[in-house]
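Chemist: I would like the atomic coordinates for the input below:
(4 chains)
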2 protein chains.
Amino acid sequence: MPPRQSITLTEAELRLMKLLWSRGESSVAELTQSLADDTPLAYTSVLTTIRVLEKKSYVTHRQEGRAFFYTASIAEHEASRLEVRHVLGRFFGNSRERLLLALLGDNDITPAELTRIQAVIAQAPEDAKPADDSVAGDHTQPEEV
Amino acid sequence: MPPRQSITLTEAELRLMKLLWSRGESSVAELTQSLADDTPLAYTSVLTTIRVLEKKSYVTHRQEGRAFFYTASIAEHEASRLEVRHVLGRFFGNSRERLLLALLGDNDITPAELTRIQAVIAQAPEDAKPADDSVAGDHTQPEEV
DNA sequence: ACGGAGCTACTAATGGATTAGTTAGCAGGC
DNA sequence: GCCTGCTAACTAATCCATTAGTAGCTCCGT
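Modeler: Okay, here's the model as predicted:
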């Protein structure tokens, strides 16, 4: 049984998505143009990859005359969250704390960044602060404690 | 240019690594046995995958008589960190804060887990606490602020 | 000493990911 | 009205990932 189609974004797919996120709705020609600087890619290659993205529901297209205009149907932060959830499930048993500890325990982390992270944590809960703790039961994914 | 060999662990590879991490040094036969419960795999399939893992330097083997005994050469938390760094680079511009915000901003997070994460953050810096902030310059990867 | 059991090495088949060439349709210009 | 140029569709080629079969070697028991 060969590997099923990847749920997450592959490298080539991510490159196109990043372009769509930064440029907004674009034609295949425009995307190909934008890639020309670093790693040029043939028009048809871009087209093939973006059709895969459409099959995966990451983009939609709109026809205008003879050209197709593609738009990301998933925001960048949504895609990022999907990716984080993916590794969360694969490596951390869906435990965000464990991922957090890995993030903090990395030797390459600088003291300055650690401080900034603490700042982020200190103020982040403002938009998601629990009013009380009794609501903990409506989550879909299993979580460890 | 077709895709180069994945740097991170693929699904089949991760399944074997998890077995090695929990079991410790194991022969191919033992690994095949352990897989028999959920998704059985042929002896030769396990062997093929583990040889890929050895090529990727995730495992080493030791010969004892005619059999090979394989050991994970990378601890689970190391592999997890590698994976986190991978998504960090692909989706968050190597910014741990941005990943953290994605972690906290996920709608599926429960108030209880958020509280636990705050607790983790509050006590985690003990082993990596910055004495002063002036040391921030010896990191290898570029980081955003 | 010889045959079987078990193990590794080699080979193969299938399908995804990536890149790109070829084909064909359609719009606009001369 | 026909040719040119752009576009999407189809096809192809290459390599990786996954699964598995066959061959060949080695050890052990009889």
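
Chemist: who in chain A is up against DNA strand D?
Modeler: A:1-3, A:27-29, A:43-44, A:47-48, A:51, A:66-68 (CB under 7 Å from any atom of the strand). The C-beta positions use only the backbone N, C-alpha and C, and glycine is treated the same way.

Chemist: and if we set it to 6 Å?
Modeler: Residues of chain A found near DNA strand D (CB under 6 Å from any atom of the strand) are A:1-3, A:27-29, A:44, A:47-48, A:51, A:66-68.

Chemist: Please narrow the residues you listed to those residing in strands.
Modeler: Using DSSP state E, A:27, A:67-68 are the members of those that sit in strands.

Chemist: most surrounded residue in the residues you listed?
Modeler: A:Phe68 (17 neighbours; other CB atoms under 10 Å in any protein chain shown).

Chemist: Just read off the phi/psi values of the nearest residue to it once chain neighbours are set aside.
Modeler: Nearest residue to A:Phe68, sequence neighbours excluded (CB to CB, 6 or more residues apart in numbering or on different chains): A:His61, at 4.6 Å. For A:His61, the backbone dihedrals (degrees, to the nearest 10) come out as phi -130, psi 160.

Chemist: Can you verify my assumption that A:His61 contacts A:Tyr70?
Modeler: Yes: A:His61 is within contact range of A:Tyr70, at 5.0 Å (criterion: CB atoms under 8 Å).

Chemist: which residues are in contact with both of the two?
Modeler: Shared contacts of A:His61 and A:Tyr70, defined by CB atoms under 8 Å, 6 or more residues apart in numbering or on different chains, comprise A:Glu54.

Chemist: Give me the more crowded residue out of these two.
Modeler: Counted by other CB under 10 Å, A:His61 and A:Tyr70 do not tie: A:Tyr70 has more neighbours, with 25 against 18.

Chemist: wait, does stretch A:81-92 contact DNA strand C?
Modeler: No: Stretch A:81-92 stays clear of DNA strand C (CB under 6 Å from any atom of the strand), getting no nearer than 13.0 Å.

Chemist: And for stretch A:68-80?
Modeler: No: for stretch A:68-80 and DNA strand C, the contact criterion (CB under 6 Å from any atom of the strand) is not met; the two come no nearer than 12.0 Å.

Chemist: Let me see the mean pLDDT of that stretch.
Modeler: Averaged across stretch A:68-80, pLDDT comes to 97.

Chemist: Give me the buried positions along it.
Modeler: A:68-70, A:72, A:74, A:79-80 (16 or more other CB atoms under 10 Å in any protein chain shown).

Chemist: what's the distance between the host helix or strand of A:Glu113 and the middle of its chain?
Modeler: Take DSSP states H and E as the rule and A:Glu113 turns out to sit in helix A:111-123. Here the centre of helix A:111-123 is set off from its chain's centre by 23 Å, with CA atoms, centre = their mean, to the nearest Å.

Chemist: who does it touch, helix- and strand-wise?
Modeler: helix A:96-105, helix B:96-105, helix B:111-123 (3 or more CB pairs under 8 Å, 6 or more residues apart in numbering or on different chains; DSSP states H and E).

Chemist: Looking at those, which is nearest to A:Ser22?
Modeler: The closest of the helices and strands packed on helix A:111-123 to A:Ser22 is helix B:96-105. By CB to CB, the value is 15.7 Å.
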